[in-house]
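Student: sequence? don't have it. structure:
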């Protein structure tokens, strides 16, 4: 059902929703940018429609709202383990089409990969998604090439045009909240971008032979293995475990799950001192083929959704879309060398 209402009534609706939901959306954090006098757009809790940043791409994805950067799983001592309590209030998350596609990728890893992760499942089952439309492409986006520019898998859609708010509501609980505010019924269709300036071509004949290409050598010099591309990515799901003991009682502590990065040194370290992929180019190769090759082999679609955040955040200006577009030449190089 579609509706049109003004900003005041939308804020009244959010006030009612806030009684039940934790509401997350991209918002501006003043002075939190790369430099002291710059701002950062990232996800945080909001209470009003004016707090939500609709016109800029967030530097970080929504991912931390359902997969925390750091999460205590349980506490332990000499006698017992106790599962950590979680905020059981449902979450309402404002996000874009490519990010809704990325939710499916995270679900694949944590819910459909041979087991169900109980910690992720609790947060995921309590999450609802409000789609933010994209009338135009943002810098570095290539969602159209990845097929993630459109979706109908949302609980509600929102568009703000001046003082007017347009909603397409599928969820009954959200629709019930709107009964409390003045509105008019109106047909509402989501805005989806249909073309990006950046386009990528993934070779149909892409295979593991590309690992032998010399294209990866470039990143031994350029990449600094900071891991920023992984942390802003809406589909990277790797983590490590940390057991923390308390200073006042060495026999008590907690186990935490913490985001990890396949680029960062130590990621592939094993007992006995062995480590895989020591060179930076090897790490870039692993990430690239995971995003646009082996994931599709298993699930039928690529892991990358083309949000372009990895290009946005890289301090060395490495473009992931450019890496993808180099793969065809890399395959030809390998074939010619055979």
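Tutor: Nice, thanks for sending it over. In this text the structure is predicted, and so the values were computed from the model without any measurement.
Student: Tell me which residues touch residue 58, please.
Tutor: 26, 41-43 (CB atoms under 8 Å, 6 or more residues apart in numbering). C-beta coordinates here come from the backbone N, C-alpha and C atoms, glycine included.
Student: Most widely separated two among these?
Tutor: Greatest spacing in those, by CB to CB: 41 and 43 (8.8 Å).
Student: domain parsing for the chain?
Tutor: Recorded structural domains for the chain (assignment: automatic domain parsing) are 2-69+84-185, 208-235+262-337.
Student: Any chance of CSV for these, columns distance to residue 198 and mean pLDDT?
Tutor: Below are those laid out as CSV (distance: least, CB to CB, whole Å; pLDDT from 0 to 100):
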stretch, distance to residue 198, mean pLDDT
domain 2-69+84-185, 4, 95
domain 208-235+262-337, 5, 95
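Student: Tell me where the stretch 101-250 of the chain has helices.
Tutor: For the stretch 101-250 of the chain, the helices defined by DSSP state H, counting those that start in this stretch occupy 118-125, 143-146, 172-178, 218-222, 228-232.
Student: list the helices and strands the biggest helix by length in the chain packs on?
Tutor: If you go by DSSP state H, the chain has its longest helix at helix 320-337. The contact analysis (3 or more CB pairs under 8 Å, 6 or more residues apart in numbering; DSSP states H and E) places helix 320-337 against helix 280-289, helix 309-313.
Student: List of residues touching that helix?
Tutor: 140, 142, 198, 200-203, 205-207, 209-210, 212-215, 229, 284, 288, 291-292, 304, 306, 308, 310-311.
Student: if we can go back for a sec, quick one, which of the domains of the chain is nearest to residue 241?
Tutor: So among these, domain 2-69+84-185 is nearest, using CB to CB, at 11.8 Å.
Student: can you tell me the distance between the two ends of that closest one?
Tutor: 6 Å (CA to CA, to the nearest Å).
Student: and what of stretch 314-327?
Tutor: First-to-last residue span, stretch 314-327, CA to CA: 20 Å.
Student: buried set for that stretch?
Tutor: Within stretch 314-327, the residues that count as buried by 16 or more other CB atoms under 10 Å are 314, 318, 320-321, 323-327.
Student: I'd like those residues as JSON lines, with distance to residue 135 appended.
Tutor: Shown next, in JSON lines, are these (distance: CB to CB, whole Å):
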{"residue": "314", "distance to residue 135": "26"}
{"residue": "318", "distance to residue 135": "29"}
{"residue": "320", "distance to residue 135": "24"}
{"residue": "321", "distance to residue 135": "21"}
{"residue": "323", "distance to residue 135": "28"}
{"residue": "324", "distance to residue 135": "25"}
{"residue": "325", "distance to residue 135": "26"}
{"residue": "326", "distance to residue 135": "31"}
{"residue": "327", "distance to residue 135": "31"}
